[in-house]
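A predicted structure for the sequence below; I have some questions about it.
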Amino acid sequence: MCEEDIQKIEKAQSGDKNALEELIEENNGLIWSIVKRFYGRGHEPEDLYQIGCLGFIKSIKRFNTDFEVKLSTYAVPYMIGEIKRYIRDDGPVKVSRSIKDLGIKIRELQKEKINKQGREPKIQEIAKELNVDLDDVILAMEATNSVESIEGTKHINNKDGKSISLLDTLSTEKNEEETITNKLAIGQLIKDLNDREKEIILLRYYKEKTQAQVAKILGISQVQVSRLERKILENMRRKMTTSPTRHERRR
């Protein structure tokens with residue numbers, strides 16, 4: 001993030017309305033892109049836009065310029081959260097028709113592969129077979145399976161037998177600001193994994209597979225899965241805890 005942007009954010013945080021308006025204008029396209037995700041829910045786009053702006057302003061007030069993330073990235077969860085709260089009485093947020101359709105195709109392909117080959121197809125196989133991007137496959141699987149992503153706490157267990165999530169595994173911070181920052185950091189860390197590492201994390205923490213199930217899908221032993229998972233989590237945790245702040249790098 002350049003110094004000019006940092007100064008503008010700091011001015012807005014200090015109550016400079018002109019700086020705040022400039023930031024909103026500069027991110028107008030981003031705000032509308034978030035609003036469009038909630039079209040067709042019975043609410044006027046302009047109303048959703050105003051709520052999105054409210055979430056954006058909240059993100060500015062809570063943003064720390066030492067964060068290793070852009071304001072635009074940091075603001076997304078705040079805007080989505082505000083809009084979700086606004087339409088909460090209308091039931092859970094629905095995923096788009098295209099994502100639903102892709103999710104159906106993925107489930108049909110998974111059943112077909114299990115029936116014919118006795119195993120679930122790898123995520124990369126699904127993307128290739130359906131001729132779609134890997135990220136789209138992951139998005140559809142998350143959305144249509146109602147997975148709670150890195151905050152999910154179903155049957156990924158620690159040594160004490162208690163349910164934990166990927167976010168719990170990598171960080172114990174609980175306040176909202178730190179949680180959002182950690183989510184963004186974890187998302188980036190997952191993107192940086194190689195294909196096998198990414199698939200292990202997705203299967204274990206997004207699809208909630210046991211190590212034995214992951215071993216069967218990947219064609220390796222459960223012991224190997226356990227070792228690989230432990231190594232991946234240790235590397236991710238180390239990267240999170242050792243990443244220098246902007247000020248430290250400038251010293």
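Cool, got the structure. Numbers count the residues shown, from 1 in each chain.

residue contacts, residue 216?
With contact taken as Cβ atoms under 8 Å, 6 or more residues apart in numbering, residue 216 is in contact with residue 119. For the C-beta atoms, the positions are set from N, CA and C on the backbone; glycine is no exception.

over to residue 129?
Residues 109, 121 are the ones in contact with residue 129 under the rule Cβ under 8 Å, 6+ apart.

now stretch 206-214: buried residues?
Along stretch 206-214, the positions that meet the burial threshold by neighbour count (16 or more other Cβ atoms under 10 Å) are 206-209, 211, 213-214.

closest to residue 115 among those residues?
residue 213 (17.1 Å; Cβ to Cβ).

what strand or helix carries that closest one?
Here residue 213 is covered by helix 211-218, with elements defined by DSSP states H and E.

angle of the next helix or strand after that helix against helix 211-218?
Note on helix 211-218: by DSSP H and E, the next helix or strand toward the C-terminus is helix 222-242. Comparing the axes of helix 222-242 and helix 211-218 via axes from the mean of the first three to the mean of the last three Cα atoms, to 10 degrees yields an angle of 100 degrees.

buried ones in helix 222-242?
Within helix 222-242, the residues scored as buried using 16+ other Cβ under 10 Å are 225, 228-229, 232-233, 236, 240.

now it: mean pLDDT?
Model confidence over helix 222-242, given as mean pLDDT, is 82.

which one of the buried residues of helix 222-242 sits closest to residue 4?
residue 240 (28.3 Å).

where does residue 120 land in three-state SS?
coil (DSSP: H, G, I helix; E, B strand; the rest coil).

dump the residue contacts of it.
Taking Cβ under 8 Å, 6+ apart as the definition, contacts of residue 120 comprise 110, 113-114, 217.

only the buried subset of the residues you listed, as a PyMOL command please.
This is the PyMOL syntax for the buried subset of the contacts of residue 120, where burial follows 16+ other Cβ under 10 Å:
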select buried, resi 110+113+217
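
excluding chain neighbours, what is closest to residue 54?
Setting aside the residues directly before and after it, residue 54 is nearest to residue 82 in space (Cβ to Cβ, 6 or more residues apart in numbering), at 5.4 Å.

residue 103: helix or strand, and which one exactly?
For residue 103, the enclosing helix or strand under DSSP H and E is helix 97-117.

count the neighbours of the residue lying closest to residue 195 once chain neighbours are set aside for me.
Sequence neighbours aside, residue 124 is the residue nearest to residue 195 in space, at 6.2 Å (criterion: Cβ to Cβ, 6+ apart). As a burial measure, residue 124 scores 14 neighbours (other Cβ atoms under 10 Å).
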